[in-house]
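sharing a sequence plus its predicted fold:
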Amino acid sequence: MAFSGSQAPYLSPAVPFSGTIQGGLQDGLQITVNGTVLSSSGTRFAVNFQTGFSGNDIAFHFNPRFEDGGYVVCNTRQNGSWGPEERKTHMPFQKGMPFDLCFLVQSSDFKVMVNGSLFVQYFHRVPFHRVDTISVNGSVQLSYISFQNPRTVPVQPAFSTVPFSQPVCFPPRPRGRRQKPPGVWPANPAPITQTVIHTVQSAPGQMFSTPAIPLMMYPHPAYPMPFITTILGGLYPSKSILLSGTVLPSAQRFHINLCSGSHITFHLNPRFDENAVVRNTQIDNSWGSEERSLPRKMPFVRGQSFSVWILCEAHCLKVAVDGQHLFEYYHRLRNLPTINRLEVGGDIQLTHVQT
């Protein structure tokens, strides 16, 4: 099957993970793996581009190892036998830190970018078109795996349907403002090209289901800042927005705004000069009361990559950073369909947007 357009991303897949690359690898395809290296378990992780799910035929094995000062092994496995290793002695990953790992498939090689910088080239040892599966294992937690093929994406961004491939931790749907312990948001185990059902666990034995909503895909790897785009159809329950980027080393602040006309209905404003993540709403040029409380420490770090996932619910927005739920923000403007503009600005490099 020929590859056309962009495959839907896998969001928060559990590790170890194996997933189909729809249409196989094609020249120009970019695959982005965004996640966090675990700090407490294991000394290695690997991303494999392989034929099928057995692991006997791996065209490209990318294997960071936090041993002997840290290095990255690249290799190919054919019929169960490994070839000669290629080692890169520089280690671009840090334990406990998020990362943005991009693989660009070209006719002669894979080009690998880590946090926006070219890290290694790996020349093909077997025909890359044999690859139809990506797998990830080891000491990492994944936020998403996304797919972009600039040579086939039209000028106007194409829609794709979101396959929520594995459980994602979010608090349950609120009933009023009473706090409840976190629940688990289970989802379908594989991509579905038509309709995906999102199910949210509210209470034991009680589930809520809504049809999946397409995400708008934008090019990778860099955006002009500030970045402004339309959210087609506005917000509604089950609508997802996903952004990733890298905080500049000297960053003071950045913001993500969801807007309705001249109003800023949701202002997400990490402030490094105050070590705070401020949330607010601006109506008729007047700011409301700030919300600053967090269940854990500041999740954004200068010089580090990040991903932000905003999920619209009937009562609130749920926000996760690097795959971990961070807070809820109850709607102050409730006409959700009119919230149809995304604005991003400040001291970051923006690398990935889906609305």
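Sure, I can see it.

from here on, just use CA atoms for contacts and neighbour counts.
Fine.

roughly how far apart are the residue nearest the centre of the chain and residue 343?
What sits nearest the mean C-alpha location of the chain, by CA atoms, centre = their mean, is residue 144, with 3.8 Å. Counting by CA to CA, to the nearest Å, the gap from residue 144 to residue 343 is 22 Å.

ok so, going back, for the residue nearest to the centre of the chain, give me the pLDDT.
Here, the pLDDT recorded for residue 144 equals 87.

pop the domain breakdown of this protein in here.
The chain breaks down by automatic domain parsing into domains covering 10-158, 222-354.

if you average pLDDT over each of the ones you listed, which is lowest?
domain 10-158 (a mean of 89).

gap between that one and the chain center?
15 Å (CA atoms, centre = their mean, to the nearest Å).

can you check stretch 332-347 too?
Relative to the centre of its chain, stretch 332-347 is centred 20 Å away, using CA atoms, centre = their mean.

which residues does that stretch contact?
Contacts to stretch 332-347, defined as CA atoms under 8 Å, 6 or more residues apart in numbering, come from residues 225-236, 247-248, 250-261, 265, 281.

out of the residues you listed, which end up buried?
231, 234-236, 247-248, 251-260, 265, 281 (16 or more other CA atoms under 10 Å).

any idea how far residue 351 is from the residue nearest to the centre of the chain?
13 Å.

could you do residue 51 as well?
Using CA to CA, one gets 29 Å for the distance from residue 51 to residue 351.

quote the end-to-end distance of stretch 293-313.
20 Å.

and it, how far from the chain's centre?
Here the centre of stretch 293-313 is set off from its chain's centre by 12 Å, with CA atoms, centre = their mean.

and for stretch 306-322?
12 Å.

may I have the distance across that stretch, first residue to last?
6 Å.

how about it: buried residues?
Judged by neighbour count (16+ other CA under 10 Å), stretch 306-322 contains these buried residues: 306-313, 315-322.

and for stretch 126-142?
Per 16+ other CA under 10 Å, stretch 126-142 contains these buried residues: 128, 130-142.

of those, closest to residue 296?
Nearest to residue 296, judged by CA to CA, of the buried residues of stretch 126-142 is residue 141 at 17.5 Å.

parallel or antiparallel, which strands does the strand or helix carrying the closest one pair with?
Counting by DSSP states H and E, the element that carries residue 141 is strand 140-148. Using DSSP bridges, the strands paired with strand 140-148 are strand 10-11 (antiparallel), strand 30-37 (antiparallel).

what lies in contact with the longest one?
Residues from elsewhere that reach strand 30-37 (CA under 8 Å, 6+ apart): 93-105, 139-149, 307, 322-323.
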